[in-house]
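> fold the stuff below for me.
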Amino acid sequence: MCLEEREGRLHLLHRRREWGSQRIMEEKVYDLELPAARCRVLKQGGEGPDFWAYVDDGRRLHYVSYWLPNKSRMMRVPRDALDAFEVLSPHYARIGARLYCRGAWVPEAAAERFQLIPETRFAHDGERVYAFTITEGLDVLEVADGPPYFLPRCEHFADQRDFYWQSSWTRRIERVSGATPVDAYEKKISLLAVLWHDTEPRDEAEALARDALLDDVHTIADLFRLALPDARPAWARAPRATGSPSWGGSEGQADIGQTPAQPLARDHEDDRVAIPVLHRGGEA
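As a prediction, the model looks like this:
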């Protein structure tokens, strides 16, 4: 996927090639309706459908992505602010005192303190946690009583009292019980990073010891207590569950309502995403 000039306008071009060869099987062309002569690409990256770009047409800045309904979104950014343009990730950018998610302004964000959490879907600015994926969109949770706790490659995070995840049903950050069963893959890849620094077992004895440790982690609270032994939130002092907990739903699924909410980062052409700041895990 790339940008290409056709008939004087900029287009997003997607070519699907035959596996193992350069033969083009399918070509899709999306007219961005931007005058190619005036456009310059400030930043771009990603492969295939994950391609993204920031394009300056001489008057406005545009975010280009295959995942947007019209493939581009106009960003209402003052021209004199472009000197402070900084791409933080394929989805986030900071321009002066403003934070943008896929080209949409996130007005609640403290842009100067915004930090991505490596190897997770999360970010935070000291007051709020941000969760974003292409499928679930963007949601924001206000946190209190100290900084939140994150684990690499983990779909959950914690504050001083509770645990949270971004529900694939409501697309919101939801509070979940510490007794929620932890997904086997989630605990394995997270502890591989935290405890074993992505190294292979040195011998069979170490492999067996690792397996035994993983078998002893049944819940989200177990995972965080093991990975963060020096943490001092309320959940670190709670009694540890014994045995495999019973669970009536899908493994790792939060207890959520019956009616799914709409994603908060809606795909529209306005440059402002109005995000209600949720308190205590989306119970507002």
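
> residues contacting Cys154?
Neighbouring residues of Cys154 by C-beta atoms under 8 Å, 6 or more residues apart in numbering: 120, 186, 190, 223. Just so you know, the C-beta spots here come from the backbone N, C-alpha and C atoms, and that holds for glycine as well.

> over to it: give its phi and psi.
The phi and psi values for Cys154, taken as degrees, to the nearest 10, are phi -100, psi 140.

> which residues touch Glu4?
With contact set as C-beta under 8 Å, 6+ apart, Glu4 has these partners: 10-11, 13.

> next one: Gly103
Going by C-beta under 8 Å, 6+ apart, Gly103 touches 62-63, 65, 68, 72-75, 93, 271.

> quick check: bridge partners of the residue nearest to it when sequence neighbours are not counted?
Closest residue in space to Gly103, ignoring its immediate chain neighbours: Tyr63 at 2.8 Å, by C-beta to C-beta, 6 or more residues apart in numbering. Residues in a beta bridge with Tyr63, per DSSP bridges, are Tyr54, Arg73.

> confidence score at Tyr63?
On the pLDDT scale, Tyr63 is placed at 97.

> that one against Ile95, yeah?
No - under the criterion of C-beta atoms under 8 Å, Tyr63 makes no contact with Ile95, lying 11.1 Å away.

> tally of neighbours for Glu108?
Glu108 has 17 neighbouring residues, counting by other C-beta atoms under 10 Å.

> what do you get for the one 5 residues further on?
Neighbour count of Arg113, defined by other C-beta under 10 Å: 12.

> please apply the same query to the one 4 residues further on.
Other residues near Ile117 come to 18 when the count uses other C-beta under 10 Å.

> and the residue nearest to Gly103, how far is that from Gly146?
Tyr63 sits 34 Å away from Gly146, going by C-beta to C-beta, to the nearest Å.

> quick one, which of these two is more surrounded?
Taking neighbours as other C-beta under 10 Å, Tyr63 and Gly146 compare with Tyr63 leading, 23 against 10.

> ok, that one - contacts?
Counting by C-beta under 8 Å, 6+ apart, Tyr63 has contacts 52-54, 72-73, 75, 93, 100, 102-103.

> so which of the residues you listed wins on neighbours?
Counting neighbours by other C-beta under 10 Å, Tyr100 comes out on top of the contacts of Tyr63 with 27 neighbours.

> so that residue makes contact with Tyr92?
Yes - Tyr100 lies in contact with Tyr92 (C-beta under 8 Å); the separation is 6.9 Å.

> could you pull up phi and psi at Trp165?
When read as degrees, to the nearest 10, the backbone of Trp165 gives phi -150, psi 170.

> let's number from 52 now, not from 1
Shifting the count to begin at 52 puts that one at Trp216.

> look up how far Arg164 lies from it.
Distance, Trp216 to Arg164, using C-beta to C-beta: 23 Å.
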